[in-house]
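Q: The sequence and its predicted three-dimensional model are supplied below.
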Amino acid sequence: MYPTVDIREFPLSVRLVFSYLKNEKISDMARIMESTGLSRRSVMYAVKVLKEANLIDIQICLSDTRRRYYCIKISEDH
């Protein structure tokens, strides 16, 4: 079981990316940037914070290892 994290304590950009991934389940950097209107730097920061909080996973595309996919971890309390 993961520790309980209150997403409301995170900065707005992190909450925005979390909310987007919660709805989409999986996405790449370009789609997150386009859908949220955030800069690449803001999305990278949000992804880092969410990964450290154990709320998302990062998957590498097997056909192009430069691409990353970000997906929400399934949990009943989020």
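A: On my side now, so go ahead. Numbering: from 1, shown residues only.

Q: Could you list the low-confidence segments of the chain?
A: Residues of the chain meeting the criterion pLDDT under 70: 1-3, 75-78.

Q: Tell me how far stretch 47-66 lies from the chain's centre.
A: 8 Å (Cα atoms, centre = their mean, to the nearest Å).

Q: That stretch: end-to-end distance?
A: Length of stretch 47-66, first residue to last, Cα to Cα, to the nearest Å: 16 Å.

Q: before we move on, what about stretch 42-62?
A: Start to finish, the residues bounding stretch 42-62 are 26 Å apart (Cα to Cα).

Q: Return the set of buried residues in stretch 39-51.
A: For stretch 39-51, the neighbour count (16 or more other Cβ atoms under 10 Å) marks 42-43, 45-47, 49-50 as buried. Bear in mind the C-beta positions are built from the backbone N, C-alpha and C, glycine included.

Q: meant to ask about stretch 27-39, not that
A: Of the residues in stretch 27-39, 27, 32-33, 36, 38 count as buried by neighbour count, 16+ other Cβ under 10 Å.

Q: Then stretch 64-78?
A: Under the neighbour-count criterion of 16+ other Cβ under 10 Å, stretch 64-78 has 70, 72 buried.

Q: residues in contact with it?
A: Stretch 64-78 has contacts (Cβ atoms under 8 Å, 6 or more residues apart in numbering) with 2, 4-5, 7, 18, 21-22, 25-29, 32, 47, 54-61.

Q: Off-centre distance for it?
A: In terms of Cα atoms, centre = their mean, the centre of stretch 64-78 is set 6 Å apart from its chain centre.
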